[in-house]
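Student: Any chance you could fold what I've pasted below:
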Amino acid sequence: GRGVPLIELRTVNGITLHTDSGGWIAFHEPGLMDREVYFAVSGPGYEHVKDGFGFRGVRLATKPGTSATVKVKRTNLAERLYRVTGQGIYRDTTLLGLKAPLPQPNLNAGVLGQDSVQATPYRGKIFWLWGDTNVASYPLGNFQTTAAWSPLPRSQAELGNEGGRPGAGVALDYFTDAKRKDGLRRMVPFKEPGVVWLFGLLTVQDEHGREALLAHFTRRKSLAEQLEHGLVRFDDEAGVFKRIATLDVKESWRYPRGNAVRVKQADGDYFYFAAPFCHTRVPANWRALLDPTRYEALAVDATGMYVWQRDLAPTTQGDEQKLLRDGKLKPDQARYALTDASTGKSVAMHGGSIAWNNYRKKWIFIGVQRGDKDAPSFLGEVWYAEADAVDGPWRKAIKVASHPKYSFYNPRHHPFFDEDAGRTIYFEGTYTHTFSAAPATTPRYDYNQIMYRLDLADERLGVIK
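Tutor: Residues are numbered from 1 along each chain as shown. The predicted model follows:
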C-alpha cells in the first residue's frame, strides 16, 4: 500500500517516466490525453504481472484530473523507501498538489547529486557527509566534501505520525556558503589542488574530554592517484574540517577507513573499520587514533593462522581466496569465505558496513557484491550476512536488493535509525550508472543516495543460520 520510488513507466513510443519518492507519476502528454495508453512497467527489485503475450504493463485511461493505482510485487527482500539526496525527490507529488513529507522536497541547497555517504550521531544531531556533489549551475560541483545536519529520529509516540521517522525521509540541513556561486560550503577547504574525500567518520573524546568528530581524508588527483592523506577534525566554531595529522603517502592501512564501528571488549573499546570487512582496528581513544603504530591488522601469519598484529598488512577477502586456492589456508580457518546461502556460490564483496543487531543477537553485514560475470550488475547487488563476532568468520549471505545494469556502491547501514528493538534496519547507497552497463542514466535518481528498509524477521533470512 506504499508508493514505490524508481518504478519506470514507458509508453509504446518510448516516453519514459519514473515514480518519485512518493510513488507518484504526474502524466500530462499532449496528444496522449483522454485516450487509452499502454505503459510498460519495470523497476529494480519490483515487477508487474505478465499478460498473455508476456508483456508487463497496464493500459490506463489518461483523463485529466483522475488517478490510477498500479500494483507491483516486490522481489527484493529490502523495501525501497525514498531518494535521500538530489533534485525532484517529490517532483510528481508536488505537481499533483499533494503534501510531501520533507520541508524542501524538490531542491535542497542546490544539490543535484551526491556520492558515498558517511553519517554518525554528534552533539545531539546526525552529522552527514558525502564525497563529490553535483550542482545545477555547472557540471563541476563541490569536490571538497559536502555535509549536513539532520535531527535524531523521534519515537512514534512522541510524534503521533510518520513525520521525522526514518521511514518518511531525512530532512537535511546543509552547510552552506553564501560567498560561493553554488552556495555549498567546502567542508575540507584545502588550498592544495585535488578532490578531497572523507571516510572512517567517528566520534571520540579528545585529550581534554570533549567530544570530537574525526575522519580520514584523502586528497586525490584521480581515482587511481593519491596526493596526500591523513586525519581531520571537525572544528565546531569554524564549521569545517581541519587537518590534524598527515600520514606517509605509502601508508595503506593504519588509519580510519570505510565505515567505523565501536566495539566493547574485555581489554577495552576498539574502533573496527569495515572496508568491507573489519580487518583493521585501533583502541578507541584519542592518542591511539592519531598514532599509526597503534593500529592492528587481522592477517594470516607464517603459521597459516589469523592473528591481530601490527606489522603485517590486513588479509583481505581477495588475499584469503588466493591463500585457499594455494592450499596455504584451511577452509575452516577462513574468515571471509562468504557464499550465497541458496546456491553455495562464492560472493566477493566490494564495500559495506557492519553493526551489532539486538534483534538477531548477531553482528550484521550489509555489502555490495564486486563484479560477478553472472550477476545482474557489476556493483549493484546488495547482500546481508551475520556473524558472532565483528571480525567474523562470515559464512552465508542472502541477496536483499538488486539493481540490474546499475551501480549501488558504498552501502551504509544506519544503526541510529534501527526500529522495533533492531528488527527493522535502514541502509542506503549510491545509485549511479558509473561502473555499470547502463545504456542511459535514470533522470533525477542518478548519482544519488537511495534508502532501503529491511525487516530482519523476514522468514527468508532464516536460510543464513
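Student: And Ser42, how close does it get to Asn106?
Tutor: Relative to Asn106, Ser42 is positioned 25 Å away (Cβ to Cβ, to the nearest Å). Backbone N, C-alpha and C define where each C-beta goes, glycine included.
Student: Ok, Glu296 next?
Tutor: Distance from Glu296 to Asn106, by Cβ to Cβ: 47 Å.
Student: Then Pro411?
Tutor: Separation of Pro411 from Asn106 (Cβ to Cβ) stands at 26 Å.
Student: got it, and Thr424?
Tutor: Applying Cβ to Cβ to Thr424 and Asn106 gives a distance of 28 Å.
Student: Show me the shaky parts of the stretch 201-350 of the chain.
Tutor: Along the stretch 201-350 of the chain, no part satisfies pLDDT under 70.
Student: Show me the strands in it, by range?
Tutor: 211-220, 226-235, 240-246, 259-265, 268-274, 278-283, 296-300, 306-309, 339-340, 349-357 (DSSP state E, counting those that start in this stretch).
Student: In CSV, list these along with mean neighbour count.
Tutor: Below are those laid out as CSV (neighbours: other Cβ atoms under 10 Å):
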stretch, mean neighbour count
strand 211-220, 20
strand 226-235, 18
strand 240-246, 17
strand 259-265, 19
strand 268-274, 21
strand 278-283, 24
strand 296-300, 20
strand 306-309, 14
strand 339-340, 17
strand 349-357, 23
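Student: how about Ala40, secondary structure?
Tutor: The three-state label given to Ala40 by DSSP: H, G, I helix; E, B strand; the rest coil is strand.
Student: Just give the number of residues close to it.
Tutor: 16 (other Cβ atoms under 10 Å).
Student: Touching, it and Ile7? I think so.
Tutor: No: look at Ala40 against Ile7 with Cβ atoms under 8 Å: they stay out of range, at 10.9 Å.
Student: shared neighbours of these two, anything?
Tutor: The contact sets of Ala40 and Ile7 do not overlap (Cβ atoms under 8 Å, 6 or more residues apart in numbering).
Student: pretty sure Phe175 is touching Thr145, no?
Tutor: No: using Cβ under 8 Å, Phe175 is not in contact with Thr145; the gap is 9.6 Å.
Student: Listing partners with orientation, what would you give for the host helix or strand of Arg59?
Tutor: Here Arg59, judged by DSSP states H and E, is contained in strand 57-61. The strands that strand 57-61 pairs with in its sheet are strand 36-42 (antiparallel) (by DSSP bridges).
Student: so after the strand it pairs with, what's the next helix or strand?
Tutor: Immediately after strand 36-42, counting by DSSP H and E, sits strand 46-47.
Student: Need the contact partners of that next one.
Tutor: Applying Cβ under 8 Å, 6+ apart, the external contacts of strand 46-47 come out as Val4, Ile7, Val41, Arg56, Val72, Lys73, Arg74, Thr75, Asn76, Arg80.
Student: got the CA coordinates for the helix or strand hosting the last one in CSV?
Tutor: Element membership of Arg80 [criterion: DSSP H and E] is strand 79-83. Taking Å, rounded to 0.1, in the frame of the first residue of the first chain, the C-alpha atoms of strand 79-83 are listed here in CSV:
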residue,chain,number,x,y,z
GLU,A,79,11.9,-2.3,0.6
ARG,A,80,12.9,0.8,-1.4
LEU,A,81,11.7,3.9,0.5
TYR,A,82,12.9,7.1,-1.0
ARG,A,83,15.7,9.1,-2.5
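Student: thinking again about what came up before, is it possible to export the contacts of strand 46-47 to CSV including distance to Asp206?
Tutor: Output for those, formatted as CSV (distance: Cβ to Cβ, whole Å):
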residue, distance to Asp206
Val4, 45
Ile7, 47
Val41, 54
Arg56, 57
Val72, 50
Lys73, 51
Arg74, 46
Thr75, 48
Asn76, 42
Arg80, 40
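Student: Buried members of the residues you listed into PyMOL, please.
Tutor: Here is the PyMOL command that selects only those of these that count as buried (16 or more other Cβ atoms under 10 Å):
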select buried, resi 4+7+41+72+76+80
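Student: and of the contacts of strand 46-47, the nearest to Ile25?
Tutor: Ile7 (8.2 Å; Cβ to Cβ).
Student: from what I can see the closest one touches Pro44, true?
Tutor: No: here Ile7 does not reach Pro44: they are 9.1 Å apart, not a contact under Cβ under 8 Å.
Student: still on that earlier bit, can you mark which positions in the strand holding Arg59 are buried?
Tutor: Buried residues in strand 57-61 (16+ other Cβ under 10 Å): Gly57, Val58, Leu60.
Student: Could you dump those residues into CSV and include pLDDT and distance to Phe417?
Tutor: Listed next are those as CSV, based on pLDDT from 0 to 100; distance: Cβ to Cβ, whole Å:
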residue, pLDDT, distance to Phe417
Gly57, 97, 35
Val58, 97, 34
Leu60, 97, 36
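Student: my read: Pro44 touches Ser402, true?
Tutor: Yes: using Cβ under 8 Å, Pro44 makes contact with Ser402 at a distance of 6.1 Å.
Student: and these two? which has more neighbours close in?
Tutor: Between Pro44 and Ser402, Pro44 has the larger neighbour count (other Cβ under 10 Å), namely 24 against 20.
Student: who touches the spatially closest residue to that one that is not a sequence neighbour in this structure?
Tutor: Counting by Cβ to Cβ, 6 or more residues apart in numbering, Pro44 lies nearest to His403, which is 4.6 Å off, once chain neighbours are set aside. Neighbouring residues of His403 by Cβ under 8 Å, 6+ apart: Pro44, Gly45, Pro376, Ser377, Gly380, Glu381, Val382, Tyr431.
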